[in-house]
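K.L.:
Just need the structure, nothing else, for what follows:
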Amino acid sequence: MDRKPAATLTFTPHGLAHGLYTEVIDLTRLGRLRVVRATTITFDNRLQAWRVKDRTGFALFTSPSREKCLEWEKEYFSRREEV
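P.N.:
Just a heads-up that it's a prediction; the model follows:
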């Protein structure tokens, strides 16, 4: 059975950790946190749907369900961390 880890952190040679935030690991135990969202999830009134947008405002995913957007975001960044 191939199980993905619940959380993955990668570290730079300078000791900085990167990864998709989850509360599976208590990151405060590593030190002071600096959290930056890679996307925003907002409701588009015109489309009547939730949209995941990157930092430039480019729409990456759209769904009538905010929960689906959160799931998509987690899967998307989990795949990118594996590369």
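
K.L.:
does the spatially closest residue to residue 38 that is not a sequence neighbour sit in a helix, a strand or a coil?
P.N.:
Among residues not flanking residue 38 along the chain, residue 77 sits closest, at 6.6 Å (C-beta to C-beta, 6 or more residues apart in numbering). All C-beta atoms are positioned from the backbone trio N, CA, C, and that covers glycine. At residue 77, secondary structure determined by DSSP: H, G, I helix; E, B strand; the rest coil is helix.

K.L.:
any idea how far residue 12 is from residue 77?
P.N.:
From residue 77 across to residue 12, the span is 17 Å (C-beta to C-beta, to the nearest Å).

K.L.:
Tell me which of those two has more neighbours.
P.N.:
Each of residue 77 and residue 12 has its neighbours counted (other C-beta atoms under 10 Å); residue 77 has more, 15 against 8.

K.L.:
I'd assumed residue 52 was in contact with that one.
P.N.:
No - using C-beta atoms under 8 Å, residue 77 is not in contact with residue 52, being 10.5 Å away.

K.L.:
quick one on the thing from earlier: and the residue nearest to residue 38, how far from residue 32?
P.N.:
The value you get for residue 77 to residue 32, if C-beta to C-beta is used, is 22 Å.

K.L.:
Could you do residue 41 as well?
P.N.:
Residue 41 is 26 Å from residue 32, by C-beta to C-beta.

K.L.:
neighbour-wise, which of the two wins?
P.N.:
Neighbours were counted for residue 41 and for residue 32 using other C-beta under 10 Å; residue 41 has more, 17 against 6.
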